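> give the three-dimensional model of this entry:
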Amino acid sequence: MEFRTCRRHWGAEFISDDVVRFRVWAEGQKDLTLRLTDTDIPMAAVGDGWFQIDVPGVRHGTTYQFVLQDGMAVPDPASRAQQADVNGPSVVIDPRRSLPAQREWQGRPWEETVIYELHIGTFTGEGTFRSAIDKLPYLAELGITQLEVMPVSQFGGARGWGYDGVLLYAPHSAYGTPDDFHAFIDAAHALGLSVVLDIVLNHFGPEGNYLPLLSPAFFHQDRMTPWGNGIAYEVEAVRQYIAEAPLFWLSEYHLDGLRFDAIDQIHDDAETHILPEIAQRIRDAFPDRHIHLTTEDSRNVIFLHPRDEHGQTPLFTAEWNDDFHNAAHVFATGESHAYYQDFAFEPEKKLARALAEGFVYQGEISLQTGKSRGVECREQPPQFFVDFIQNHDQVGNRAQGERLISLAGADKTRVLFAALLLSPHIPLLFMGEEYGETHPFLFFTDFHGDLAKAVREGRAKEFTGHAGHDETVPDPNDVNTFMRSKLDWNKADTEEGRAWLHVTRELIVLRQRFIVPLLKQRGTVEGNVLQTALGMVAVSWRFPSGTLSLALNIGKKPLALTDLPGKTIFSWPEAVENLPPNSIVVRFADGEAAL
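Got it, this is the predicted structure:
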């Protein structure tokens, strides 16, 4: 495979072996200076707010900053790496030094996907790319096929979730260097694991964002998002910065895909919206690789995910299905505060619809907002939906960061876990879920001064009126909040942990044997709700070659087992004749037996 790096309009680029071009859009500055180590060099204004200079003799590892007209030194917004934190010097990186070790790796088909979402800082005790490598053989042996890494773009402070990134092209320095991230990805590929990165293109974090000083026109002054002024995507220089970031991560790091965070907050007034433009550019750049692009969008829409006559996805691949999580959570816990109120009435029917069709809300009125939400999605194939019973948001956005096993108990959680892995939707596991982790995953940051106070007070206010959140909300800036969120790997070696791991392996093996071949077929899939009762759900999916059926009961009373066609491929407990409390049965009937 020939190495290709993404052409970037912004940043520092080698244009020959020892000449680096430094280029930045600074329409708010009359003049700009490049500080290269200890030498200041005036940059040339080349029109439309751009400043540029070609400097010979620059080597990999050289530090630099841009000096504003008032003497303030700022990092390169398109920095490939930082010397230390987000406010200090950027580092010149020669991407030709880090060619992929697995150059022939082309990725894995989407239908095989079992996602494992992880946060680098809390996945291991050390919290680095290098230390995470040691856990990859364990995940490969478990049957995981794709790692979804929470955002790593440089953000303020040493610790955080990553959704407050401000240097979109630079791996967070506390996790390691670009070489370390390359090593992590190479190690994963060597084990047959795809690696997908979560990226944030809808806002910038509150610390280390110097774009308003360089170019005030980067942001709308009259359009706000939940995190501050909206980005002016229709401005050409801004569009280049945003649209080239996804291409950069895919090309330079040989990643297998991206998860696009909260795209409903990306408002673009250009004739062609930036999201389909990004997806099309990615498809054009990597026609021969399995590149998977997933979206998070609270609107429950499908227009960004068309399929061609061959069943391929010319734009985005799949959508995170929060409706499935919310329905399953209410079904298991009975919670009805905040957005859970939309799922509190007849939760069994809502979970059944989520399993059979995908979205629960397909145009119905949301009780929380009073507005219509969603579109009809029955024609979408099952693999369009990425389902989960836990993820970083749904755990970490609780005041105490409790996991589902702590809220609903191990028995109910195990039943829903089995349904997650044996439904035809694409399953996502949150790190530690595979061995029954009970450590919380809390919201944590590393801010100081007034910003730390604002975050701390805002976090506490956020949970006013939420059921079960009367305790003191942990201070996000307290280092102990971060440390409490680290995985307890010792639990995986306990009797309970080993039992969970045994079930996880068994379920993934069954998924690859029975579910994946169904998803690789072409043709219409018909999902149907067979029965619901208190604590009980039964659904089926009719594929061209047969019917997959699932029934579960987390209620307090045994229920008669719905007449599911075919042979049992999994049951918990084993040899279930009816549906006792906390049980699940999954069956498959081939085409003739299903009729």
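> output the below-cut-off pLDDT ranges for the chain.
Low-confidence regions of the chain, defined by pLDDT under 70, span residues 1-6, 464-471, 592-595.
> make sure residue 80 is actually in contact with residue 14.
No - taking CB atoms under 8 Å as the contact criterion, residue 80 and residue 14 are not neighbours in contact, 11.0 Å apart. Bear in mind the C-beta positions are built from the backbone N, C-alpha and C, glycine included.
> neighbour-wise, which of the two wins?
Neighbours per residue (other CB atoms under 10 Å) separate residue 80 from residue 14, with residue 80 holding more: 22 against 17.
> quick one: secondary structure of the nearest residue to the more buried one once chain neighbours are set aside?
For residue 80, the nearest residue in space outside its immediate sequence neighbours is residue 93; the separation is 3.9 Å by CB to CB, 6 or more residues apart in numbering. Remark: residue 93 carries the secondary structure label coil [criterion: DSSP: H, G, I helix; E, B strand; the rest coil].
> same question for residue 221.
Recorded secondary structure, residue 221: strand (three-state DSSP).
> that one: what's it in contact with?
Contact criterion CB atoms under 8 Å, 6 or more residues apart in numbering gives residue 229 as the residues in contact with residue 221.
> now do 10 Å
Applying CB atoms under 10 Å, 6 or more residues apart in numbering to residue 221 gives the contacts 229, 230, 232.
> now the buried members of those residues.
A residue is treated as buried here by neighbour count (16 or more other CB atoms under 10 Å); on that basis the buried members of the contacts of residue 221 are 229, 230, 232.
> isn't the residue nearest to residue 80 up against residue 60?
Yes - shown here, residue 93 and residue 60 form a contact pair, counting by CB atoms under 10 Å, at 6.4 Å.
> name the residues contacting each of those two.
By CB under 10 Å, 6+ apart, residue 93 and residue 60 have these common neighbours: residue 14.
> of the two, which one has the most company?
The neighbour count for residue 93 versus residue 60, taken as other CB under 10 Å, is higher for residue 93 (24 against 13).
> quick check: the more buried one vs residue 85, distance?
Taking CB to CB, to the nearest Å as the measure, residue 93 and residue 85 are separated by 17 Å.
> same question, residue 272
Relative to residue 85, residue 272 is positioned 37 Å away (criterion: CB to CB).
> now residue 254
Using CB to CB, one gets 27 Å for the distance from residue 254 to residue 85.
> before we move on, what about residue 186?
When distances are taken as CB to CB, residue 186 and residue 85 turn out to be 27 Å apart.
> same deal with residue 198?
Using CB to CB, we find residue 198 at a distance of 21 Å from residue 85.
> same deal with residue 8?
As defined by CB to CB, residue 8 lies at a distance of 23 Å from residue 85.
> same question for residue 51.
The value you get for residue 51 to residue 85, if CB to CB is used, is 24 Å.
> looking at the two, which is more packed in?
Neighbours per residue, other CB under 10 Å: of residue 51 and residue 85, the larger number sits with residue 51, 23 against 18.
> SS state for the more buried one?
For residue 51, the reduced secondary structure class is strand; criterion used: three-state DSSP.
> contacts only, for it.
With contact set as CB under 10 Å, 6+ apart, residue 51 has these partners: 22-27, 29, 31-34, 42-45, 66, 214.
> buried subset of these?
Applying the neighbour count, that is 16+ other CB under 10 Å, the buried entries in these are 22-27, 29, 32-34, 43, 45, 66, 214.
> which of the residues you listed fall in helices?
With helices identified by DSSP state H, the entries of those that belong to them are residue 214.
> mind putting the buried ones among the contacts of residue 51 into JSON lines with distance to residue 359?
Putting the buried ones among the contacts of residue 51 into JSON lines (distance: CB to CB, whole Å) gives the following:
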{"residue": "22", "distance to residue 359": "47"}
{"residue": "23", "distance to residue 359": "43"}
{"residue": "24", "distance to residue 359": "42"}
{"residue": "25", "distance to residue 359": "39"}
{"residue": "26", "distance to residue 359": "44"}
{"residue": "27", "distance to residue 359": "42"}
{"residue": "29", "distance to residue 359": "47"}
{"residue": "32", "distance to residue 359": "48"}
{"residue": "33", "distance to residue 359": "53"}
{"residue": "34", "distance to residue 359": "50"}
{"residue": "43", "distance to residue 359": "50"}
{"residue": "45", "distance to residue 359": "50"}
{"residue": "66", "distance to residue 359": "46"}
{"residue": "214", "distance to residue 359": "41"}
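> quick check: which element contains the residue nearest to residue 565 when sequence neighbours are not counted?
Of all residues beyond its chain neighbours, the one nearest residue 565 is residue 589 (4.0 Å), with distances taken as CB to CB, 6+ apart. Residue 589 is part of strand 583-590 when elements are defined by DSSP states H and E.
> who does that strand pair up with?
Paired neighbours of strand 583-590 in the sheet (DSSP bridges): strand 546-553 (antiparallel), strand 567-572 (antiparallel).
> quick check: buried residues in it?
With burial defined by 16+ other CB under 10 Å, the residues of strand 583-590 counted as buried are 583, 584, 585, 586, 587, 588, 589.
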